[in-house]
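Enquirer: Task: produce atomic coordinates for the following.
(chains A and B)
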Amino acid sequence: MRQPNRLPAEGDHRLKGSEIDRSRPIAFRLDGREIQGFAGDTLLSALLASGIIGAGTHEGDPLALDERFAPPVLLRGHAHDRLRALPLERTPAMAGLDLVTLASAMRGRFGHAASLARSLLPGRRGLLDLSYDHHASLTSPWFDAPSERELKADLVVIGGGLAGMAAAAAAAKRGSRVVLVERRQWLGGEVRFFGTGGDSQSPDDMVTRLATAVSPNVTVLHRAEAFALFEGMVRVNQVTVEDGVPVSRNLTLAAPRIVLASGAIERLPIFAGNRRPGVVGALAAFNRADRFGLWLGRRALLATATSIGYRTATAGADAGITVGRIIDTRANPQSRFIAFSKAYGLASSWNLRPRRAEPAGARGSLAVDFEAVAASGALPNERHVTDLLLVSAGWQPDLALWHMAGGDSHWASTRRRLAAEGSLPGIALAGSVAGYHTAAACLRSGEAATATLFGRRAPEIDDPDIDPVYETPDDATPIATRGTESSSKTYLDGGTSLAERPSPSPARRFWGLARRRLDLTDQPHPLGVADVAAGVELGQIPPHMAGIVAQERGVMPGDMVDAGQMHPPRAAQSGDIGTPPAYLAGRFGTATSIWRVEPADGRTFEIGCLIHPDADSADPLAAVGVVFAAAPNGLTGGIAVIGGLRAAGDSMAVRDVSGSIPVRLLDHPAEPADTPAAAPVPAPNAPEMERPLATDGALRPAAISVAGDGSA
Amino acid sequence: MAENSYEVVIFGSTPLAALMAGLLATRHHKRVCLVTDAGSAFRLPRGIDLSVMPVTRPETWALLKEATSETLRLIGQIRARQGMQRIDPIFAADGAEGSAAISHMRHVASGFGYAVEPLPAGAASSDGAAYRLRDAVLLKRTELMPLIEAWLEQAGVGRLDDGELAVTLKRDGSARLRYAGSTIEAAHAVLADDAAILAHLDLSQGDRILRVQRMTAMLTEPTGALAAPLMIYPESGVALLRNRRGGVLALGAGAPEIAHGHIGRYLFGHAPLRQAGQGTFRTVATLDGAPLVGFARGFKGTVIAGLGISGAFLAPALARLIARTPSERETRYFSAREAGNGNTRAAIADYAGMAMGEAPT
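Expert: Coordinates of the predicted model:
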């Protein structure tokens, strides 16, 4: 297979792929297909370069393969061990690897052959043969694996962007032991995309300076993803190369101080088909092109609500891509990025948002319909055909780990995003996850986070907004009007929840308060923070509930059954309770007695059977007693509590499942004369509960007068 | 009566609260206001509504059976049938006490005509007895509540958001609500679910009847089938409800680490099993397992606690009680369960187990 999605190495452009070495081609296999790439590629970038741009299908709709939605894979020799699965986006592409997707490994040899055959069918060549229909867990399987190593440090920093690097450097400079966790193979985060603002340094110079500052004293874990955060502890999965093959391992990082600099998530505009292969976030597309020389197709459109989105379009045009049009939701937006795009001669439209993206022809192109933003006066219904639809819809701080650690958040209505609030012991936020957006503020917030955690005075952070006259603020996430003409799914976000825009509800508005709504209980997977943000903007989640919903639905991955295994089963106890249970108190009047009830046919009665005065009585309300224990020493019948005046030899009837059984009463000599019945006892392990007042006479079943000798 | 006054104000966001409000307005011709927690619908569910529950008193079964028929008719009349489903739940125990209790429940329920089948050992992932009860009814809150709300709107029931009110409950059982600068008076206040009780009664110093209990709600990703779509373990206070996508809503007594242990044990065999959500909340139960309907903590309105998972199905009976038109059976049942009034609660004590929550949707 060629690499149809690789930008040319020739020409005067900068999107040649800084991570790859084009002089060192490699090839590996995935599910039997040969994939080509270059040294420096990840498995994911090599797949995308080779034209595999779909992760599979979800209820018939193809889903884009990307950095936030990529299936785990296994070395073929490890296909039986899911805990050794590797993440496509963090695993280096290496020559000669023979890989299978986890789902394919589960199918066995014949399923695998069928899968390979299906992948060669027309229209499926660009897709992995995977289905997400049955709500199988999309959580990465390595989260269940035990930690193989524990590292201790004075400070752990999660995220190797500007804020994280600044935090690590500030601590290391004072001699602290620091571990920096970065999921990618490079440091610096998104600074090449966002730039350094007014700083005179170039992005690369800034990163080089920070990398120099951290290099001697900070342990940097590349290709490492933090997936659980608690006070004093971080759990991490890292991919390393050992003996020439990639290996996935879990680590536990223990530190009294943790800086969370996990960045922000690129929001997905809400329209039908928003996760079709060929729809890519402007930031993700820029990183692919800049780091790996990747670009899907040769024609692109940009649908944007932000000014920074224009950056990808101009960079693409610079590399020879035909950018058909830039379509902005805003009216007459102003920005230096927009000025650049005009200088490149890129055509633009305003006041439009994407309505749907549908396949157009057999070559994987997309037909994208745009609609007028309400009340804007723009001409409606533009349609464009493209290979790549770039989308830019704003940002959501990635608060997943913050919520997992118990942190709170609220809906910040001005910026239309969930924002962290409050504090957690030993954990500080820095960078865009804390809401900062300029490079200078991110740097300073990293230093401030470290200072705060070490009990030092934190520097002030200035994060100014540029005057809207020069830089039009980002618009709200575009949300298409709902139509019935598209069969494509509309997702809330690009992550693993696969949460969809809810269908229109038949419910009517009730006092203007309750519109029904996204059924949060019906969502099969954990929701991401960007799902919740979309839910708020769709009017499906009240803003004041956004924080608690995100906290409840952003849970730690991992196997729940583990905890159950640690909880030993309760040993079954003897069936002889001895005294009537409290729930029988007063049931049969104030004068009750205990008897052995003996049937003529030698049977034993189940505990709980009702005793009636005669065989004709069947109404439980007319019952006069209950069998509450087995008869001792293998005797027949059972031990019963019976109300009213009774005498040995009296005839009665016990109703069990077979009907009414005649019995006679016999003395029950084993029963002590004055044993009080037990008060209701809650189950063991009952936490944080007010215990029953076992010694309170009011709660004792005083109404039962136990006549152990069987006399009335 | 003044425009800004009601005869009855009901605090609660459960189907029980909503059904009572509608019944009081339509059948008993009361001016009714329903005060709900508007945000509760967006949290993980904190209760289930099932037409049967693991109780042992025949009078409870008798009342429940009678009221359930009436409730189901009502749901049909208000065109809300799609908000309920027939279901065969399993009740399972771990120890001897729990096994005895649910065995007795089986025999009482059988006496009232319910089909209850014993299950082989281990069928319900527990160590004690287990029974499947046929033809119970489960309310699907997410689908039912909008339909009830439409009915309430037609019935002229007022509605307010608890979060926007300043509420004063008076000892005589009336209530004053301050909302957006105006004052609303209600002659009789009803605290109809746990969240309302916790919000408006002070239980911090304990109570001789009520207990506050921490609960955990968990939602799992889709997993294999359970032995039944609804599994109830009264001793550990766990309920497992499989949703239409194959995930399991698990409600468990205690903090997450405790509830997690029980739930994980009952779901053993479904590994790997992943969470899709987790939340904690508090619920109110009675110390003796019997419901409380009436006064509490010196408040002489109506406090409804400890009805367990079947509370919604008692709505017609409770509405009659509040409207002071109860049947003879209802009078006998509820008066015996009032606090004070010379009652000996022990004489109506029911199987306590670890009551599942019945807080709002």
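Enquirer: all strands of the stretch 151-300 of chain B, in order?
Expert: B:158-161, B:166-169, B:175-179, B:182-191, B:210-220, B:230-233, B:238-242, B:248-253, B:275-286, B:292-296, B:299-305 (DSSP state E, counting those that start in this stretch).
Enquirer: next one: the stretch 451-600 of chain A
Expert: With DSSP E, counting those that start in this stretch as the criterion, the stretch 451-600 of chain A has strands spanning A:592-599.
Enquirer: residues near the residue in chain B that chain A sits nearest to, how many?
Expert: Ranked by Cβ to the nearest Cβ, the top residue of chain B for proximity to chain A is B:G264, at 2.2 Å. C-beta: built from backbone N, CA, C; applies to glycine. Residues near B:G264, counting by other Cβ atoms under 10 Å in any protein chain shown, number 24.
Enquirer: now A:A339
Expert: There are 13 residues near A:A339, going by other Cβ under 10 Å.
Enquirer: So it: helix, strand or coil?
Expert: Here A:A339 is recorded as helix under DSSP: H, G, I helix; E, B strand; the rest coil.
Enquirer: again with A:E10
Expert: coil.
Enquirer: returning to what we had before: mind putting the strands of the stretch 151-300 of chain B into JSON lines with mean neighbour count?
Expert: Compiled in JSON lines, the strands of the stretch 151-300 of chain B are given as follows (neighbours: other Cβ atoms under 10 Å in any protein chain shown):
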{"stretch": "strand B:158-161", "mean neighbour count": "19"}
{"stretch": "strand B:166-169", "mean neighbour count": "16"}
{"stretch": "strand B:175-179", "mean neighbour count": "19"}
{"stretch": "strand B:182-191", "mean neighbour count": "21"}
{"stretch": "strand B:210-220", "mean neighbour count": "24"}
{"stretch": "strand B:230-233", "mean neighbour count": "26"}
{"stretch": "strand B:238-242", "mean neighbour count": "24"}
{"stretch": "strand B:248-253", "mean neighbour count": "27"}
{"stretch": "strand B:275-286", "mean neighbour count": "24"}
{"stretch": "strand B:292-296", "mean neighbour count": "23"}
{"stretch": "strand B:299-305", "mean neighbour count": "25"}
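Enquirer: what about these, which gets the closest to A:R276?
Expert: strand B:275-286 (25.0 Å; Cβ to Cβ).
Enquirer: Just checking: what are the partner strands of that closest one?
Expert: Using DSSP bridges, strand B:275-286 pairs in its sheet with strand B:210-220 (antiparallel).
Enquirer: lowest-pLDDT helix or strand in the chain?
Expert: All of this is about chain A. Sorting the helices and strands of chain A by mean pLDDT, DSSP states H and E puts helix A:561-566 at the bottom, at a mean of 52.
Enquirer: Chain B, not that one
Expert: Lowest by mean pLDDT, DSSP H and E among the helices and strands of chain B is helix B:256-266, with a mean of 84.
Enquirer: and that helix, what other elements does it pack with?
Expert: The helices and strands touching helix B:256-266, judged by 3 or more Cβ pairs under 8 Å, 6 or more residues apart in numbering or on different chains; DSSP states H and E, are helix A:561-566, strand B:210-220, strand B:230-233, strand B:238-242, strand B:248-253.
Enquirer: got the angle between it and strand B:275-286?
Expert: Angle of helix B:256-266 versus strand B:275-286, following axes from the mean of the first three to the mean of the last three Cα atoms, to 10 degrees, is 110 degrees.
Enquirer: How about the backbone phi and psi for the residue nearest to A:V191 when sequence neighbours are not counted?
Expert: Leaving out its chain neighbours, the residue that sits closest to A:V191 by Cβ to Cβ, 6 or more residues apart in numbering or on different chains is A:P203, at 4.3 Å. Main-chain torsions, A:P203, degrees, to the nearest 10: phi -50, psi -40.
Enquirer: In chain A, what residue spans correspond to helices?
Expert: Assigned by DSSP state H, chain A shows helices spanning A:43-49, A:102-119, A:162-173, A:191-194, A:203-214, A:282-292, A:309-318, A:336-343, A:400-404, A:439-453, A:529-537, A:546-553, A:561-566.
Enquirer: Tell me where the model's unsure across the chain.
Expert: I'll assume chain A. A:1, A:106-124, A:134-138, A:199, A:362, A:375-380, A:483-485, A:504-522, A:556-578, A:668-712 (pLDDT under 70).
Enquirer: Chain B, not that one
Expert: B:1-3, B:271-272, B:341-343, B:352-361.
Enquirer: Point me to the residue of the stretch 301-450 of chain A nearest chain B.
Expert: A:M404 (10.1 Å).
Enquirer: Confirm for me that B:T220 is in contact with B:V248.
Expert: Yes. Contact status for B:T220 versus B:V248: in contact at 4.5 Å, counting by Cβ atoms under 8 Å.
Enquirer: Look at the closest residue to A:H78 other than its chain neighbours and say how many residues are nearby.
Expert: Excluding its sequence neighbours, the residue lying closest to A:H78 (Cβ to Cβ, 6+ apart) is A:R84, at 4.5 Å. The tally of other residues near A:R84 (other Cβ under 10 Å) stands at 19.
Enquirer: Please consider this matter closed, and thank you.
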